[in-house]
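# quick one, structure for this:
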Amino acid sequence: MTATERNGKLVITLGQRIDTNNAPQIEKEVIETVNAHAGTDVVFDAEKLEYISSSGLRILMKVVKKTGKPVDIINVSAEVYEIFDVTGFTELMNVQTNAELSDNKPMREISIEGKEMIGRYSISTFYRLDEETVVKVFDPGTRYDTVIQKESENARNAFVAGVPTVIPFDDVKVGNCYGKVYEMQNCRFLLDVIANDKAHLDDYIRRFAKTVKKMHSIEVDSKKFSPFKKNMLEMLPLLSKTLNAEETEKVKSIIENIPDRNTFLLGICRLDLAILQNNEILFYDLGMAAFGHPITDLFIMYYDFGQHGKFAHSTIKEPIKRFTHDEMDLIWKIFITEYLGTDDMEFIKKVERQIDMIGLARTLFLSFLSLIDSKNRIDETYENIKNQLFNYFDKGLEPICF
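As a prediction, the model looks like this:
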C-alpha cells in the first residue's frame, strides 16, 4: 500500500491481494493514513488489486464510515468488480472499472469429491474446499432465482449494515446442485474452538453473547430484509392440517404478542453458525436473515444448551454431543446472563419461559411437515409441541419482558 496526494485528494494505492492474513496490518496503515489526512477526500486505486476478501472489504467500509464522505475506487479489474458487485459495494462506493464487464459469465463448476463435510443445516451441506474456502451446497431442486439469490441479497445487505458476517463471493455449480463459496481463511469454527479449549469456555461464550447482542441492536432498512413476525402470520394457513380454528387463533395471538422492531435477526441464532477469524466472531449462512424482535432468534440457543437438544434432529444434535449436560447448562447460563446483562434468576426464568413459548410456535412452522407421516397422521412429538405451547397460552399471555 502506498499513499499520495493528487489534486487535493488522498489516493491510496492498494497491493495485489488483501485477505485475512494481511488485512490487520493493511487496516492499521490505511486508518493511520486517513487520520493523518483528516478532512481530505479519499480515493482507492485498485489497478494492482487482484483479490480482496471480506476482511479487506471491511477495511474499505470503515473508511467510508470514518470519513462520512463518498469514497471512490478506481481502476478496478473485472474480477475484483464482481466481488464488489456480489457484496453490494457497488452501491456503497463509487466503483470505477477499467475493464469490459460481461453479463453472461458462465457459472463455475467445482467438485466436492474427497472434500471434508463440515456441517449440514436445513437444505444445504457445507464442505471445506481448501484452507481458504468453504462451499455451501444446496440440496437438489433448490431454486436459484428465489432461495439462493435471496441468501446472496441477505448476506450483502447484512454486511453493508455492519453485521459481523462473512460473505459468499462466488456462485458455483456442484453437479446438478448450486453452491456458494465463502472465504474461510485463518478461521476456526467457534464450536470447535470451545470444545477443544473448555478451560476458556466462559470467555468464548461471553464474547459470543456480546456479538449476538450487538448484532441484535443493528437497525436495518425494512425494505432490504423480510419482516419475521409478518412472515410467521402469513404462514399460519399452512398449519390448517394440524390446527383447528381455535388453535390457529391461539398461535396468531402468541405471534402478535411479539413486539415490533426493525433490528437484524439471523433467523436462527446458533453457536455452530459462528466462526473465529483473526480473533473476531463472525456469522455465516444468512439464508433466514430478517428483522424483528430478538426473542425469535434465541430459541435454538436455549433448546441446544438450556434444554440439552430439545427437538433437535440428528445433524443438529451431533455438535452439542461434545458437551456434557453440566457444560450445556453452563454455556446457556453464561450466554443468557451476558446477553441480558443480569444474573437475576427470577427475571431469567421469565425470559426462558417466553423464549420457549416463541420457540414452540416457531417449531410448529419448522417441523410440522416432517412430523406428519405419509398417511397424514400427526406425530406424537408434534402433539407434545402443541400441548406445551397452548399450556403457555392458557396461563395468560404476558408482555415480552426484554
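# work out the gap between stretch 267-285 and the centre of the chain.
Taking the mean C-alpha point of stretch 267-285 and that of its whole chain, the gap between them comes to 7 Å (C-alpha atoms, centre = their mean, to the nearest Å).
# tell me the mean pLDDT for that stretch?
When the per-residue pLDDT values of stretch 267-285 are averaged, the result is 86.
# could you pull out the helices for the chain?
Per DSSP state H, the chain has helices spanning 23-36, 54-67, 78-87, 89-92, 149-161, 190-196, 201-215, 228-234, 245-256, 299-301, 314-320, 325-340, 345-367, 380-394. These are given in chain order.
# any buried residues in stretch 55-68, and which?
If you call a residue buried by 16 or more other C-beta atoms under 10 Å, then stretch 55-68 has these buried ones: 55, 56, 57, 58, 59, 60, 61, 63, 64, 67. To be clear about C-beta, it is placed using only N, CA and C from the backbone, and glycine gets the same treatment.
# I'd like the residues you listed as JSON lines, with pLDDT appended.
Shown next, in JSON lines, are these (pLDDT from 0 to 100):
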{"residue": "55", "pLDDT": "81"}
{"residue": "56", "pLDDT": "86"}
{"residue": "57", "pLDDT": "86"}
{"residue": "58", "pLDDT": "84"}
{"residue": "59", "pLDDT": "88"}
{"residue": "60", "pLDDT": "88"}
{"residue": "61", "pLDDT": "83"}
{"residue": "63", "pLDDT": "87"}
{"residue": "64", "pLDDT": "84"}
{"residue": "67", "pLDDT": "82"}
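# export these as CSV, with columns for distance to residue 270.
Formatted as CSV, the entries for the buried residues of stretch 55-68 read as follows, by distance: C-beta to C-beta, whole Å:
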residue, distance to residue 270
55, 23
56, 27
57, 24
58, 23
59, 28
60, 29
61, 26
63, 32
64, 31
67, 36
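# between the helices of the chain, which gets nearest to residue 124?
When the helices of the chain are compared for distance to residue 124 using C-beta to C-beta, the nearest one is helix 149-161, at 9.2 Å.
# so how far is that closest one off the chain centroid?
The gap between the average C-alpha position of helix 149-161 and the chain average comes to 9 Å, counting by C-alpha atoms, centre = their mean.
# which secondary structure elements does that helix sit against?
Taking 3 or more C-beta pairs under 8 Å, 6 or more residues apart in numbering; DSSP states H and E as the contact definition, the neighbouring helices and strands of helix 149-161 are helix 54-67, helix 78-87, helix 89-92, strand 168-174.
# can you give me the buried ones in the second one?
Neighbour counts over helix 78-87 (16+ other C-beta under 10 Å) mark 80, 81, 82, 83, 84, 86, 87 as buried.
# mind listing residues that contact it?
Residues outside helix 78-87 that contact it (C-beta atoms under 8 Å, 6 or more residues apart in numbering): 46, 49-52, 54, 57, 73, 76, 89-90, 93, 95, 97, 99-102, 105, 152, 155-156, 159-160, 167-170.
# do me a favour and average the pLDDT over that helix.
When pLDDT is averaged along helix 78-87, the result is 82.
# could you check the angle it makes with helix 54-67?
Computed with axes from the mean of the first three to the mean of the last three C-alpha atoms, to 10 degrees, the direction of helix 78-87 lies at 70 degrees from that of helix 54-67.
# circling back: mind giving me the ChimeraX select for the contacts of helix 78-87, buried ones only?
The command below creates a ChimeraX selection of those among those that count as buried (16+ other C-beta under 10 Å):
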select :46,49,52,54,57,73,76,89,90,93,95,97,152,155,156,159,160,167,168,169,170
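# correct me, but residue 303 touches residue 359?
Yes. Residue 303 lies in contact with residue 359 (C-beta atoms under 8 Å); the separation is 6.2 Å.
# what's the neighbour count on residue 402?
The tally of other residues near residue 402 (other C-beta atoms under 10 Å) stands at 17.
# which ones are touching it?
For residue 402, the residues meeting the contact criterion (C-beta under 8 Å, 6+ apart) are 294, 295, 340, 351.
# between all of those residues, which two are separated the most?
Spanning the widest gap among these are 295 and 340, at 11.5 Å by C-beta to C-beta.
# more neighbours: which of these two?
Ranked by neighbour count (other C-beta under 10 Å), residue 295 and residue 340 place residue 295 first, with 21 against 16.
# ok so, going back, so which of the helices of the chain comes closest to residue 113?
For the helices of the chain, proximity to residue 113 was assessed by C-beta to C-beta; helix 314-320 is nearest, at 21.2 Å.
# what mean pLDDT does that closest one get?
Across helix 314-320, pLDDT averages out at 57.
# now stretch 120-137
Along stretch 120-137, the predicted local confidence has a mean pLDDT of 82.
# offset the numbering so it begins at 423, please.
Yep, numbering from 423; the last one is stretch 542-559 now.
# how long is it from one end to the other?
Between the start and the finish of stretch 542-559 there is a gap of 9 Å, counting by C-alpha to C-alpha, to the nearest Å.
# so how far is it from its chain's centroid?
Mean C-alpha position of stretch 542-559 versus that of the full chain (C-alpha atoms, centre = their mean) differs by 15 Å.
# quick one: residue 690 from residue 513, how far?
Relative to residue 513, residue 690 is positioned 27 Å away (C-beta to C-beta, to the nearest Å).
# do residue 467 as well
As for residue 467, its distance to residue 513 is 21 Å (criterion: C-beta to C-beta).
# what is the neighbour count of the residue lying closest to residue 473 once chain neighbours are set aside?
By the measure of C-beta to C-beta, 6 or more residues apart in numbering, the closest residue to residue 473 outside its immediate chain neighbours is residue 439, 4.8 Å from it. Using other C-beta under 10 Å, residue 439 is surrounded by 15 other residues.
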